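Trainee: fold the stuff below for me.
(one chain, ligands or ions: 10)
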Amino acid sequence: MRLYNLFRRIGGIGIAGLIFGLAGLNNVHAAAPAGSPPGPEVCKGCHENQVNSYAASVHGQKGNLKGPANAGECSTCHGNGAAHVQAGGGRGVGGIINPGSKSVPAKDRTATCLACHEDNRTLAFWDSGKHKKNDVSCSNCHSIHGGNILKKTDPSISPYVTTSKQLQYETCASCHKDIISQIRKPSHHPIIEGKLKCSDCHNPHGALSKAMIKSESVNTLCTSCHADKRGPYIHEHPPVEGNCLTCHDVHGSQHNKLLSQKVPNLCQDCHDWTRHPGTPYGAQRGFPPAGNTGRQFVARGCLSCHNQIHGSNASSAGRGQFFTR
Ligand code: HEC
Ligand code: HEC
Ligand code: HEC
Ligand code: HEC
Ligand code: HEC
Ligand code: HEC
Ligand code: HEC
Ligand code: HEC
Ligand code: HEC
Ligand code: HEC
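Mentor: Numbers count the residues shown, from 1 in each chain. Ligands and ions are numbered 1, 2, ... in the order given. Presented below is the predicted three-dimensional model:
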């Protein structure tokens, strides 16, 4: 405060302004020899599409005070284009930077954007994310000139929706083909229908959790939407408390209800048949010659009776402990 007053008394603001001004000028000189960068109107002659798409985007808006429009326009991301313009343009001509080009290291491509977006809340764990570690950069997913916030690199006609709006998963599709084939299985989370986005469960910008999920554990993620499965129940089924994915495949499955296997096989991975009536096969019985697989032929629809499979609040007298009610 004291210093400030002092400055005011001797007209320090003017002096400071001059100093900062000179420093700024110095930077420009260091970056490119040709003086202040040419504005969009110069580029427009040859790159009309890019100039228009930029102007229409959030980055091109003057009202967006911290955006590129107030920070050097095109030069914010492409560097000083003066030499490029002088030479009549061309790929790699005049030291023009293309932050979408594979010849620019991913680290540098990303740095262009992080210069402004570093303190963005969703980017807080960018460094620990799988994408950064695998050289995926911002412009692999984001479209600066495409007229849409997200890129759609693998255009497909989707028969599952009646909207022409771009669905987020289409941005992930070009790289995560295995996941995309799962979300098209008969039982699936409604992602292709546009009711759920990948980013409802994942943070594509990085997270500390396994597979960059948005919660600290799989179960807290699932129960954030499926609250009825959270419990606590009077009678708990231990695998449910443990991990929902013991029985479910999250992206898609050929079995009903996203189950990883069919009932009764699912149950019989852990439970034998001893307490149920019937004539189970063993080494001597069942399919010849060696039919002992530990599976039974009766009461295979376990869920017909054990229908509260995630846990029950019925009393023990009412057989709640067996999840039959
Ligand atoms: C916020 C950063 C940013 C700003 C500002 C920006 N661009 Fe771009 N530009 C990019 C990125 C990233 C790419 C790579 C294309 C992609 O991956 O979407 C690109 C691509 C281009 C290309 C195409 C390169 C090619 O591969 O053919 C041209 C031309 C271009 N920009 C011109 C401009 C002009 C002119 C302006 C100013 C009106 C501008 N850009 C402003 C980030 C920016
Ligand atoms: C006289 C025409 C002309 C002007 C003016 C011009 N460019 Fe270019 N620029 C080109 C041509 C031609 C290419 C090569 C495009 C291609 O091969 O598809 C190019 C390529 C680019 C690329 C891609 C570079 C690469 O190595 O991939 C960027 C980015 C770019 N220009 C940005 C700008 C910016 C920003 C401005 C304004 C400061 C500008 N250009 C002004 C003609 C021009
Ligand atoms: C000069 C600073 C600056 C640079 C450089 C910059 N941005 Fe931005 N960007 C902004 C500001 C400011 C906004 C407005 C929203 C906000 O405050 O986050 C924004 C918004 C966005 C949005 C949200 C758009 C929307 O419609 O919600 C995305 C996505 C984005 N930027 C991606 C990028 C990418 C990718 C790059 C690098 C190629 C980049 N930005 C470079 C300042 C910048
Ligand atoms: C793997 C794909 C992917 C990568 C890589 C990626 N993003 Fe994103 N980004 C997304 C998705 C998906 C959204 C959410 C869009 C929506 O709301 O539908 C998003 C949203 C944003 C937003 C707007 C909303 C917010 O979170 O504030 C900004 C800004 C942004 N990204 C910047 C960046 C920057 C900067 C980088 C590089 C450091 C980057 N992104 C890398 C996929 C990606
Ligand atoms: C309903 C929540 C949810 C949605 C929606 C979702 N995921 Fe996942 N994803 C998960 C969970 C949970 C895991 C596994 C975490 C674990 O194994 O601990 C996972 C794992 C992954 C993995 C790691 C590899 C693997 O097969 O386990 C990738 C890659 C992935 N998801 C991509 C995607 C993409 C791309 C989308 C959108 C098409 C998507 N996810 C939609 C919850 C979801
Ligand atoms: C340019 C290619 C590319 C795009 C686009 C892309 N990813 Fe990835 N993603 C990768 C690579 C490479 C990895 C690391 C290798 C792996 O685990 O498959 C990865 C890893 C992941 C993981 C962590 C997997 C694990 O085992 O930890 C998740 C989750 C994920 N991506 C989700 C998404 C989502 C959601 C989108 C769309 C918004 C997306 N990705 C778009 C390339 C991409
Ligand atoms: C962001 C919200 C959200 C999260 C998180 C979520 N789900 Fe879902 N889930 C849904 C929606 C929406 C449906 C479709 C409901 C419908 O169609 O009525 C659904 C349906 C299901 C179904 C029934 C599928 C069918 O074929 O009927 C199962 C099983 C399921 N989810 C399990 C899980 C598991 C396990 C997790 C955690 C890995 C999880 N969900 C995380 C929103 C979510
Ligand atoms: C022991 C295996 C098992 C575990 C573990 C498990 N489930 Fe299930 N889940 C099932 C079975 C079996 C069904 C089919 C029930 C039916 O068809 O009546 C099912 C059905 C569902 C459904 C769709 C029908 C409904 O009741 O809404 C949802 C949602 C669901 N589970 C969520 C979860 C969540 C969330 C978790 C983790 C907290 C979880 N499941 C853990 C076996 C399991
Ligand atoms: C990953 C292993 C696992 C799977 C899969 C599994 N369970 Fe369980 N289940 C357990 C464990 C552990 C207990 C607790 C046993 C105990 O307390 O003695 C249990 C308890 C039970 C009980 C109560 C038994 C009692 O004595 O209180 C019933 C009934 C049951 N499970 C039915 C099923 C059915 C039906 C399925 C298939 C939909 C299934 N379980 C799938 C591990 C599993
Ligand atoms: C016709 C209805 C019915 C069907 C079908 C059925 N159960 Fe049961 N189950 C019961 C009843 C009732 C009990 C409680 C028995 C008791 O009171 O001791 C029970 C008990 C159990 C127990 C606890 C046994 C113990 O040792 O305490 C398990 C585990 C179990 N069932 C698993 C299964 C599995 C796995 C399937 C499918 C292969 C299945 N059940 C099919 C009715 C059924």
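
Trainee: list, one by one, the residues from the stretch 101-250 of the chain near ligand 1.
Mentor: Contacts of the stretch 101-250 of the chain with ligand 1, taken as CB under 6 Å from any ligand atom, map to Ser139, Ser143, Ile144, His145. All C-beta spots, glycine's among them, are computed from the backbone N, C-alpha and C.

Trainee: can you get me a residue count around the last one?
Mentor: The burial count assigned to His145 is 17, neighbours taken as other CB atoms under 10 Å.

Trainee: next one: phi and psi at it?
Mentor: phi -110, psi 0 (degrees, to the nearest 10).

Trainee: what about the residue lying closest to Val58 once chain neighbours are set aside, how many residues nearby?
Mentor: Sequence neighbours aside, Asn64 is the residue nearest to Val58 in space, at 5.9 Å (criterion: CB to CB, 6 or more residues apart in numbering). Counted with other CB under 10 Å, residues neighbouring Asn64 total 13.

Trainee: kindly report the same for His176.
Mentor: 15.

Trainee: what's the answer for the one 5 residues further on, then?
Mentor: Here the neighbour count serves as a burial measure; for Ser181 (other CB under 10 Å) it reads 11.

Trainee: please identify the helix or strand for it.
Mentor: helix 177-182 (DSSP states H and E).

Trainee: contacts for that helix, please.
Mentor: Tyr169, Cys172, Ala173, His188, Asp249, His251, Gly252, Ser253 (CB atoms under 8 Å, 6 or more residues apart in numbering).

Trainee: so does the helix or strand just after that helix get close to ligand 8?
Mentor: The helix or strand immediately downstream of helix 177-182 is strand 187-188, counting by DSSP H and E. No. Counting by CB under 6 Å from any ligand atom, ligand 8 has no neighbours in strand 187-188; the shortest distance is 9.7 Å.

Trainee: strand 187-188 packs against which elements?
Mentor: strand 252-253 (3 or more CB pairs under 8 Å, 6 or more residues apart in numbering; DSSP states H and E).

Trainee: strand partners of the strand it packs on, parallel vs antiparallel please.
Mentor: Paired neighbours of strand 252-253 in the sheet (DSSP bridges): strand 187-188 (antiparallel).

Trainee: before we move on, back to that, ok, the contacts of helix 177-182 vs ligand 6, which is closest?
Mentor: Comparing the contacts of helix 177-182 against ligand 6 with CB to the nearest ligand atom places Cys172 closest, at 2.9 Å.

Trainee: tell me how many other residues surround the closest one.
Mentor: 22.

Trainee: ok so, going back, quick one: which of the contacts of helix 177-182 is most hemmed in?
Mentor: Going by other CB under 10 Å, Cys172 tops those with 22 neighbours.

Trainee: that one contacts Cys201, correct?
Mentor: No. Using CB atoms under 8 Å, Cys172 makes no contact with Cys201, being 11.9 Å away.

Trainee: make JSON lines out of the residues of the stretch 101-250 of the chain next to ligand 1 and add secondary structure and pLDDT.
Mentor: Below are those laid out as JSON lines (DSSP: H, G, I helix; E, B strand; the rest coil; pLDDT from 0 to 100):
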{"residue": "Ser139", "secondary structure": "helix", "pLDDT": "93"}
{"residue": "Ser143", "secondary structure": "coil", "pLDDT": "92"}
{"residue": "Ile144", "secondary structure": "coil", "pLDDT": "93"}
{"residue": "His145", "secondary structure": "coil", "pLDDT": "93"}
